[in-house]
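Engineer: Sequence below, structure please.
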Amino acid sequence: MVIITLQRNKCIGCNYCVELAPKQFQMSKKDGKSVLLHSTDKKGFFTLKSPDDSILENAEKAKEACPVKIISVKEK
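Structural biologist: From the prediction side, this is the model:
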């Protein structure tokens with residue numbers, strides 16, 4: 001199980017997460033911020049829980065590349 005969390009309100013729209021993990025992230029056309037696909041929102045924290053371990057590597061790369069450090073990735 002891979003758990004990805006995005007603090008969307010702090011996103012600066014750099015697009016690194018989309019470039020490194022396009023299956024998990026895309027940029028919003030409305031406000032230019034990152035969107036964590038298939039996630040649930042809880043008070044500005046968008047969380048995706050996926051049983052697909054193959055997304056872990058790209059999600060980790062997106063986390064490391066994020067200049068404002070608003071992406072967290074955990075493996076359970």
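
Engineer: Which stretches in the protein count as helices?
Structural biologist: When assigned using DSSP state H, the helices of the chain occupy the ranges 16-20, 56-65.

Engineer: Now tabulate those helices in CSV and tack on mean neighbour count, mean pLDDT and distance to Gln7.
Structural biologist: To be clear about C-beta, it is placed using only N, CA and C from the backbone, and glycine gets the same treatment. As requested, these are exported to CSV (neighbours: other Cβ atoms under 10 Å; pLDDT from 0 to 100; distance: least, Cβ to Cβ, whole Å):
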stretch, mean neighbour count, mean pLDDT, distance to Gln7
helix 16-20, 19, 98, 12
helix 56-65, 18, 98, 12
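
Engineer: mind putting those in a markdown table, distance to His38 included?
Structural biologist: Listed next are the helices of the chain as a markdown table, based on distance: least, Cβ to Cβ, whole Å:
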| stretch | distance to His38 |
| --- | --- |
| helix 16-20 | 14 |
| helix 56-65 | 13 |
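
Engineer: closest to Asp41 out of those helices?
Structural biologist: Between Asp41 and the helices of the chain, the tightest spacing by Cβ to Cβ is seen for helix 16-20, at 16.7 Å.

Engineer: Just the residues contacting that closest one, thanks.
Structural biologist: 6, 24-27, 34, 58, 61-62, 65-67, 71 (Cβ atoms under 8 Å, 6 or more residues apart in numbering).

Engineer: now, among those, which is nearest to Lys49?
Structural biologist: Of the contacts of helix 16-20, the one sitting nearest to Lys49 (Cβ to Cβ) turns out to be Gln24, at 11.9 Å.
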